[in-house]
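*Asks:* from the sequence below, what's the structure:
(one chain, ligands or ions: 1)
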Amino acid sequence: MGECPVAHNIDPKRVPAAGGGTKNSDWWPNALRLNILRQHQANSDPFKADFDYAAAFQSIDYDALKKDLTALMTDSQDFWPADFGHYGGFFIRLAWHAAGTYRVQDGRGGGGEGQQRFAPLNSWPDNGNLDKGRRLLWPIKQKYGNKISWADLFLLSGNVALESMGFKTFGFAGGRPDTWEADESTYWGGETTWLGNDVRYEEGNKGGNPKDLKNRNLEGQLAASHMGLIYVNPEGPNGEPDPVAAANDIRTTFGRMAMNDEETVALIAGGHTFGKTHGAGNPDLVGPEPNGADIENQGLGWISKHGSGKAGDAITSGLEVIWTSKPTQWSNLYLEYLYKFEWELEKSPAGANQWVAKNSDAIIPDPFDPSKKRRPTMLTTDLSLRYDPAYDKISRRFLENPDQFADAFARAWFKLLHRDMGPRARWLGPEVPKETLIWEDPVPPVNHPLVDDRDLSGLKQAILGTGVDPSKFLLTAWSSASSYRDSDKRGGANGARIRLAPMKDWKVNNPAVLNEVLRALEGVQQQFNSANQGGKQISIADLIVLAGNAALEKASGLPVPFTPGRTDASQEETEEDTFKWLEPTADGFRNYGGSTERVRSEQYLVDRANLLTLSPPELTVLIGGLRVLGLNYDGSSHGVFTHRRGQLTNDFFVNLLDMSTEWKAADGGKGEVFDGLDRKSGQKKWSATRADLIFGSQAELRALAENYAQADNADKFSKDFVQAWNKVMNLDRYDVK
Ligand code: HEB
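*Replies:* As a prediction, this is how the structure comes out:
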């Protein structure tokens, strides 16, 4: 009787439509998946390939946009009224949460793609009620349209929020094109409950004690203490209100965002100078997050039945804290109060652990009722800035030197928002700061005329005339260019950082070969640059790629395009501490490394292919070519299925698919190295790794391998390889259109 005709608890495996049913990933959860190589393609993007966001952004009326954003800050809307009549704190939090998912280990996360619009981020518990923030921004997005991406708008709104409350920011750069679907490439953790952290601390503490809150390690590339949080639990580790233990988590998580202690203190103290937290009542009255909400809610989540569900009744984190008496103005009050008062543990109305100033009068305004006042309050993680000895020193210095505090906050905030944008060539708009920052991975500007085609053919001749084995030029060019990662646009051939620490010493780059190549190229460079041809110069960065191209032309008989203009960075321009994260654990392209306890070689290969923005066909053609050219990092013959090593042929695929070969594990069951035996004679013909054999084993890769092994596709293979090679060589060339 009266039963709703729409089932609410549909079992996706029983949905006989729209891609429902039991899927491959249900049947074979361990099979290699290529899904992350098929994201963000033309068919999910309404612009297809023909939209130039940079050009659109450059044409925006930037001042008008900022004026509209400033007006928005104090234009309180009934559907989500502004605390204290000002949305400033709210938009700072929105921008911080957009950018704050960045982690330096793999460069993923961050605000560069507008992913906060999509699951899981749009529904993370830590992003509670930010859906309302995006709706507040919608009229502005609608008005300025293609000229401002959501990604840029989220971050700019935080910047304008700061400025509208009297803070002088360090600047702003636009230039982040939106993505149009949820990104699946990022490992956010293995927990299956929100706010769980059983997997990350178990994995981080092999042999240690995950329950030791002061000494636990966070797993691998994660930068948050709980599934669904941007950083740490505000109530303290696992809810324990212990500010000193919380400092441990803060240091780890902010460190993984490439922030040091000073930047961390500046960010937390600066951010919590503004706004308030929301925990007016029973959190059980809050409805499901956006991705789990009913259709009539139109993408809004966290609909609350506590009172009006908004304004003074709002519940977000469940904490009810207001840090300063002037929450809509930049001030030094956060630090003043932190030290002036003693703090007493209390429960928020929602039952969360927080701290109230013992020896203070009620000096804090209520966000909606001018007749009410409160005492100052803080989160456990705020007290960490005073009770952790190292943070304490910095906090006191900032307390006594407001100028230093403001400068540190401005710089750390700018870094937070721009860390994953990559080279300055991508930074757009009238507010790009002049000062060069080390974390940009700067490369010097081109200050001389570039080489022309005649020079290039002479240079290629000189390179091939050095007597160095051409495969070494190929390996070095590949090693240099393929250090790129699209996640935060770091690495790549420009800057020639492969000749600097730490990259020059990475085992995967084969330092001995690298040195031989660099010495030969330095000779070529010297000769060219000293010939004084109207001031024309060539950089080592360019020569590394050119040498690879020259060797490839020789190996393929095909022309390989080249665009000069790379320059050489210096060691001082190279942030060694964060460059170390670009070193691959395993790199199937050069048959380096192997499986670990939890990741198979081929999964590392797909992960790297994703960072190189390769499609499955590009991945396939590259592996086939790299192998026959003999580009394993150590010169080994794994996967070199050819008798014509050094020539660009489709032999890798032809021989991989040849049924006269039978494959057997060759490493006593470890499953990393295999021998290819002649089925009849039992004689060993080939040897291979998992990164080779996956192209015959995984059905979709095998289909592509067949395509390239076909008699009629030998030419297509060579052409596709040259094209994919050229793509990788130029992945970081944001300086050329
Ligand atoms: Fe924060 C808010 C936590 C950092 C900015 N924070 C908040 C809250 C919480 C938190 C819980 C509340 C939410 C609601 O609404 O309820 N944080 C936190 C933590 C940390 C932080 C735990 C680490 C330690 N922040 C931070 C930073 C920043 C910030 C870094 C920036 C820079 N926040 C913020 C703001 C706010 C917050 C502005 C307010 C919002 C409003 O007003 O709405």
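*Asks:* what residues does this protein put near the ligand?
*Replies:* Selection of the chain residues close to the ligand by Cβ under 6 Å from any ligand atom yields 83, 89-90, 92-93, 96, 231-232, 234, 250, 267-268, 270-272, 274-278, 316-317, 319, 379, 381. To be clear about C-beta, it is placed using only N, CA and C from the backbone, and glycine gets the same treatment.
*Asks:* ok, now with 5 Å
*Replies:* By Cβ under 5 Å from any ligand atom, the residues of the chain that approach the ligand are 89-90, 92-93, 96, 231, 234, 267-268, 271, 274-278, 316-317, 381.
*Asks:* quick one: pLDDT of C4?
*Replies:* C4 carries a pLDDT value of 59.
*Asks:* and for N205?
*Replies:* 85.
*Asks:* that one reaches V199, doesn't it?
*Replies:* No: N205 lies out of contact with V199 (Cβ atoms under 8 Å); the separation is 11.1 Å.
*Asks:* dump the residue contacts of the residue of the stretch 501-650 of the chain found nearest the ligand.
*Replies:* With Cβ to the nearest ligand atom as the measure, T578 is the residue of the stretch 501-650 of the chain nearest to the ligand, at 18.9 Å. For T578, the contacting residues are 104, 258, 439, by Cβ atoms under 8 Å, 6 or more residues apart in numbering.
*Asks:* return the backbone torsion pair for the first one.
*Replies:* Here the main-chain torsion angles of V104 (degrees, to the nearest 10) amount to phi -70, psi -20.
*Asks:* cool, the second one as well?
*Replies:* Per-residue torsions, A258: phi 70, psi 30 (degrees, to the nearest 10).
*Asks:* got a pLDDT number for it?
*Replies:* 96.
*Asks:* and the nearest residue to it once chain neighbours are set aside, how many neighbours?
*Replies:* Leaving aside its chain neighbours, A258 sits nearest to V104 (4.2 Å; criterion: Cβ to Cβ, 6 or more residues apart in numbering). Other residues lying near V104 total 26 when counted by other Cβ atoms under 10 Å.
*Asks:* so who does V104 touch?
*Replies:* Contacts of V104 by Cβ under 8 Å, 6+ apart are 256-258, 488, 578, 581.
*Asks:* switch to 7 Å and redo it
*Replies:* By Cβ atoms under 7 Å, 6 or more residues apart in numbering, the residues touching V104 are 256-258, 578, 581.
*Asks:* what of A412?
*Replies:* 259, 263, 266-267.
*Asks:* now do 8 Å
*Replies:* Neighbour list for A412: 259, 262-264, 266-267, 270 [criterion: Cβ under 8 Å, 6+ apart].
*Asks:* tell me the one among the residues you listed nearest to the ligand.
*Replies:* Nearest member of the contacts of A412 to the ligand, counting by Cβ to the nearest ligand atom, is L267, at 3.7 Å.
*Asks:* surely that closest one and D261 touch.
*Replies:* No: using Cβ under 8 Å, L267 is not in contact with D261, being 10.8 Å away.
*Asks:* quick one: residues in contact with the longest helix belonging to the chain.
*Replies:* Taking DSSP state H as the assignment, the helix of the chain that covers the most residues is helix 511-530. For helix 511-530, contacts defined as Cβ under 8 Å, 6+ apart pick out 455, 458-459, 462-463, 466-468, 472-473, 475-476, 479, 498-499, 504-505, 536-540, 543-544, 547, 635.
*Asks:* residues near the residue nearest to G175 when sequence neighbours are not counted, how many?
*Replies:* Leaving aside its sequence neighbours, G175 sits nearest to L428 (Cβ to Cβ, 6+ apart; 4.1 Å). L428 has 21 neighbouring residues, counting by other Cβ under 10 Å.
*Asks:* the spatially most central residue of the chain sits in which helix or strand?
*Replies:* With distances taken as Cα atoms, centre = their mean, R108 lies nearest the centre of the chain, 1.8 Å away. R108 is part of no helix or strand, with elements assigned from DSSP states H and E.
*Asks:* that one against S185, yeah?
*Replies:* Yes: using Cβ under 8 Å, R108 makes contact with S185 at a distance of 6.7 Å.
*Asks:* in this protein, what secondary structure element scores lowest on mean pLDDT?
*Replies:* In the chain, the helix or strand scored least confidently by mean pLDDT, DSSP states H and E is helix 198-204, which has a mean of 91.
*Asks:* can you tell me what sits against that helix?
*Replies:* 189-191, 210, 216-220, 222, 225, 227, 598.
*Asks:* flag the shaky bits of the protein, pLDDT-wise.
*Replies:* 1-8 (pLDDT under 70).
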